[in-house]
Every structure is written in structure tokens, then in C-alpha cells.
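Engineer: my questions are about this predicted structure, shown below with the sequence.
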Amino acid sequence: MFQVLLQSIFLCSTPNHNKCILFFISFLPQIGNVIYGRLLVANRDMEPELVCMDSAGRSGGLGVITGGNIFQCSLGLVQKVLSPQSTLMKHLGQIMPVEMAAGMNGRVWIRCKTIVATIAAMNAITNSEFMTEAEIRLMVHKLHDTILH
């Protein structure tokens, strides 16, 4: 990805060349940054290409993510959480404000208002892997009663 960004810097041929270079350098990710993007190209024979813009050139919520916490879980759990039939995030969202981004690589980023709420939401997500929908509702109800009140 760094190579692609450097190529973009040198291919920039505008009258304000210095401004263009500063634009690209200001968006270079630092080591340890979490980037929410999408893979544009992911073939075995080609280098993967990560983009943080949609086809219209807007960020659309993509880019460097600040705050929150990242944890790793199984791909089955990611699919369960992202499934439209799953009610875990809906129930968690009813008791506390939660922001979440889950990738198909098993990594989940989550942010809540407080550290306690973030840790509780992380634990709720990881514990829900083998639960039924009724058990998830009961767990979230207990979480609401114990942690948040």
C-alpha cells in the first residue's frame, strides 16, 4: 500500500504540485493505525489494493479509525454478527451506544462511551458465538442490569 501511495505522489501533475504531495503525505498511515477500508483488488497473482474511498471519490466513513479497541475472533462469529438475522448488535445498541466495524479477517473494532462499556460489549460479542438468540437476549438483559445500572 505504501508503494501505491508513493506512486500516486509522483504521478500527481497539477500546477500546485507541492500541495498535492502534502495532501498524500498527510494521509499516510502510521505504524499501529487502524484503517477501515475495502479491498479493491484481491487476487493471488496481483498485489492487494486497499482503498479508503468509494467510486465517487468520497470517504464514506472509510479511513483511519481512532479510539476504541480491536479484538480478534473466529470468522464464524464475524459472519454471525454481520448477519441481518443476528440480533446481538440491535440488543446491545438498545442498552448502550456502540460503534463496531468487523472485517472478514476476524478482526473487530468496537467503541463505546466508556472503557467499561467497551469491555462489556467485547465480552458480549465473544461470548455470543455459540449462543441462541434467546440466550443472547438474556445475556444482554443481564449485562444491562449488572454493568450499566
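Structural biologist: Sure thing, it's come through.
Engineer: give me the spatial nearest neighbour of Gly101, chain neighbours excluded.
Structural biologist: Slight slip there: residue 101 is Ala, not Gly. Counting by Cβ to Cβ, 6 or more residues apart in numbering, the nearest residue to Ala101 once its immediate chain neighbours are dropped is Trp109, at 4.6 Å. Where C-beta positions appear, they are placed from N, C-alpha and C, glycine not excepted.
Engineer: phi, psi of that neighbour?
Structural biologist: phi -100, psi 130 (degrees, to the nearest 10).
Engineer: with Leu77 instead?
Structural biologist: Per-residue torsions, Leu77: phi -70, psi -40 (degrees, to the nearest 10).
Engineer: what score does the residue nearest to it when sequence neighbours are not counted have for pLDDT?
Structural biologist: Distances taken as Cβ to Cβ, 6+ apart put Glu129 closest to Leu77, at 4.5 Å, once the chain neighbours are dropped. The predicted local distance difference test score for Glu129 is 92.
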